[in-house]
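In: I need the structure of the sequence given here:
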Amino acid sequence: MEKLGRLLGNASWLFVGDFLGRLSVFVLYALVARWLGTTQFGQLSLGLTLLSTFQLLATMGLKSLVIREVSRDLTATGSYLANGGALVTGMALVAMLGMYLLSIVLGYSLDTRHVIALLSLTILPTALSTICEALLQAHGKTHLITLTQIPVHLLRMGSIWVLLELRYDLDMVLISNVALYVLGLALLVVVLARVLGKQVLSALHLTERGIRSVLRMSKAFLGIEVVYSIAGSSLFIVVSKLLGEDQLALYNAGTQLLSVASMITLNLVAAAYPVLCRAATVSPGSMRALTSILWQLMLSAVLPLVLTLIFFSPHLFRVLYGRDEFAAASVPLQVLAWALACQAVNGVFGRVLVANNGERAVMRSVLAYAVATVVLAPLLTYSYGLMGAACAAVGAKLVDVWFHYQAVAQRYPGMAFVRQSIWPAMAAGGLALYWMWAATNLPWVLALGSGIGMYFAFLGARLIARPGHWQDMLLHARAGMDGPAA
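Out: Here you go, the predicted model:
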């Protein structure tokens, strides 16, 4: 149980860091909109959209690769620090130049190009920070990542408010933002140096062969992230073209609420990933046991989130946006909520596959998801509007789930995923029935809190009633959870 507690603790640390990062971006959006108006808000929105794409290209999917390889063999730390760092530095410089050149080719105004140029300066420190974070996570020091992020995020939010309060323009806000990204990188480097020690740092080996090796192994990871990004963006393009920007705003409001809920599931999987990578090198039995534990934890976490979005989305929209017109997004969100469940399932299956060198199988699943999105999105959106777009998103995710499941079942036959889902599904069914009754008998906040409490009380009672079941699984999983190999 101690090892399981450590996994959940790492997930909590990742959640805090992720939450603060998203909050700082929200504060940037909100305060720029309030103080500087729609023109500079639009420039910022465009710049951040381009930035997310070029940051993806700069990091080259190396985070997953570095965590996997270093979790298995800590002696590879120096090689991945030197060669991975050199590779992302070169790619970051190319991405920075490409981002600015694209703004010129697309004919944006000088002011807009200036905003894009300032935002592009964050690509290099972000890419190098990604390598440092991957190494710390592989060494089991996840909490140190968040502890270095907390002061930087707080300084970022505070500096944005102070600068705008003092009537500085967007350029000064973005320059301050770049400086804080550099500060965050510096803190990570200091922490990483203390964790690794002089012995590892003195063993850094930067070679052309090492860079080529890292580049070759990262191609599949980069392809997965790029295809996912393009497929996800295509849904927004289809909605904007077929339904207009007003309907796109409603759809985007729903996906934003979905992304907040997904922080829990994504960070749970991210915390378990290094453990899965080590287990994959120990024994199939250890990998099976860890997969079973992660599967049941994920279902237990995601099902109440899905039901919360289905039953309480109108109330949540009113609280977050303060406008009744956004309540219209609650109906498609009730469908989109099931995409969250699919995403959680794919998170488990995808990490299990990658931990076992199955990134090519993940790539096939992602390509199938992209094809399903391209086919379903225009067809269903044109016929059924926002509900059709939501159904297309869920349908494409189900295709993704099926391909992921087939790949996992091929590698680990006999995994009883359906049987392991019974108790979380029963608890979720009871929660749904309770909320159907509470909808007309209790205030929504009381219904939400009491329902979640009863849900986890039921699962907790089940855990206490069958301690031997979990002890057996943890015993089999122990080899993978003991820690990185020296």
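In: use CA for all of it now, contacts and neighbours both
Out: Noted.
In: Averaged pLDDT, the helix ranked longest in the chain. What do you get?
Out: As assigned by DSSP state H, the longest helix anywhere in the chain is helix 359-411. Helix 359-411 shows a mean pLDDT of 92.
In: Equivalent analysis for stretch 268-280, please.
Out: The pLDDT scores in stretch 268-280 average 82.
In: re the thing from before, can you spell out which helices and strands pack onto the longest helix of the chain?
Out: helix 208-243, helix 330-355 (3 or more C-alpha pairs under 8 Å, 6 or more residues apart in numbering; DSSP states H and E).
In: in the stretch 51-200 of the chain, what spans have low per-residue confidence?
Out: Scanning the stretch 51-200 of the chain with the threshold set as pLDDT under 70 gives 198-200.
In: in it, which spans are strands?
Out: Counting by DSSP state E, counting those that start in this stretch, the stretch 51-200 of the chain has no strands to list.
In: tilt between the longest helix of the chain and helix 208-243?
Out: Helix 359-411 runs at 90 degrees relative to helix 208-243, counting by axes from the mean of the first three to the mean of the last three C-alpha atoms, to 10 degrees.
In: Quick check: phi and psi on Thr281?
Out: phi -90, psi -10 (degrees, to the nearest 10).
In: got a list of what it touches?
Out: Going by C-alpha atoms under 8 Å, 6 or more residues apart in numbering, Thr281 touches Arg72.
In: any idea which of the helices and strands packed on helix 359-411 is most buried?
Out: Of all the helices and strands packed on helix 359-411, helix 330-355 carries the top mean neighbour count, a mean of 24, counting by mean count of other C-alpha atoms under 10 Å.
In: now that helix: how far from the chain's centre is it?
Out: 11 Å (C-alpha atoms, centre = their mean, to the nearest Å).
In: That one packs against which elements?
Out: helix 245-280, helix 284-321, helix 359-411.
In: Tell me which of these sits nearest to Leu136.
Out: Nearest to Leu136 among those is helix 245-280; the distance by C-alpha to C-alpha comes to 10.6 Å.
In: That closest one relative to helix 359-411, how many degrees between them?
Out: Helix 245-280 and helix 359-411 are oriented at 60 degrees to each other (the same axes, to 10 degrees).
In: next one: helix 245-280 to chain centre, how far?
Out: For helix 245-280, the distance to the chain centre is 5 Å (C-alpha atoms, centre = their mean).
In: Distance from the chain centre to stretch 46-56, please.
Out: The answer for stretch 46-56 is 16 Å, by C-alpha atoms, centre = their mean.
In: count of neighbours near the residue lying closest to Phe349 once chain neighbours are set aside?
Out: Leaving aside its chain neighbours, Phe349 sits nearest to His404 (6.0 Å; criterion: C-alpha to C-alpha, 6 or more residues apart in numbering). Close neighbours of His404, defined as other C-alpha atoms under 10 Å, add up to 25.
In: so His404 makes contact with Arg360?
Out: No. With contact defined as C-alpha atoms under 8 Å, His404 and Arg360 do not form a contacting pair (11.0 Å).
In: I'd like the next helix or strand past the longest helix of the chain.
Out: helix 417-420 (DSSP states H and E).
In: what's the following helix or strand after that following helix?
Out: With elements assigned by DSSP H and E, the helix or strand that comes after helix 417-420 is helix 422-438.
In: residue contacts, the most centrally placed residue in the chain?
Out: By C-alpha atoms, centre = their mean, the chain has its centre lying nearest to Leu266, at 5.0 Å. Taking C-alpha under 8 Å, 6+ apart, we find Leu266 in contact with 344, 347.
In: mind checking how far it is from Ala134?
Out: Separation of Leu266 from Ala134 (C-alpha to C-alpha, to the nearest Å) stands at 16 Å.
In: same check, this time on Ala461
Out: Ala461 is 36 Å from Ala134, by C-alpha to C-alpha.
In: Who has more neighbours out of those two?
Out: It is Ala134, of Ala461 and Ala134, that has more neighbours when counted by other C-alpha under 10 Å, with 26 against 10.
In: Any idea which of the helices and strands packed on helix 359-411 has the lowest pLDDT on average?
Out: Least confidently modelled of the helices and strands packed on helix 359-411 is helix 208-243, at a mean of 82 by mean pLDDT.
In: can you tell me the helix or strand for the closest residue to Thr112 other than its chain neighbours?
Out: Among residues not flanking Thr112 along the chain, Gln43 sits closest, at 5.6 Å (C-alpha to C-alpha, 6+ apart). Element membership of Gln43 [criterion: DSSP H and E] is helix 38-59.
In: other SSEs contacting that helix?
Out: helix 2-36, helix 85-105, helix 110-120, helix 123-138, helix 208-243.
In: Would you mind putting these into a markdown table with distance to Val173 alongside?
Out: Shown next, in a markdown table, are those (distance: least, C-alpha to C-alpha, whole Å):
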| stretch | distance to Val173 |
| --- | --- |
| helix 2-36 | 9 |
| helix 85-105 | 19 |
| helix 110-120 | 10 |
| helix 123-138 | 16 |
| helix 208-243 | 28 |
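In: nearest to Ala193, of the ones you listed?
Out: If we rank the helices and strands packed on helix 38-59 by C-alpha to C-alpha, the stretch that ends up nearest is helix 123-138, at 9.8 Å.
In: And Ala179, how close does it get to Leu118?
Out: From Ala179 to Leu118 the distance is 11 Å (C-alpha to C-alpha).
In: okay, the two: which has more neighbours?
Out: Leu118 (19 against 15).
In: Which residue, other than its chain neighbours, is closest to the more buried one?
Out: Leu118 sits nearest to Leu174 (C-alpha to C-alpha, 6+ apart), 6.3 Å away.
In: I figured that neighbour hits Leu121, correct?
Out: No. When contacts are counted by C-alpha under 8 Å, Leu174 is not listed as touching Leu121 (9.5 Å).
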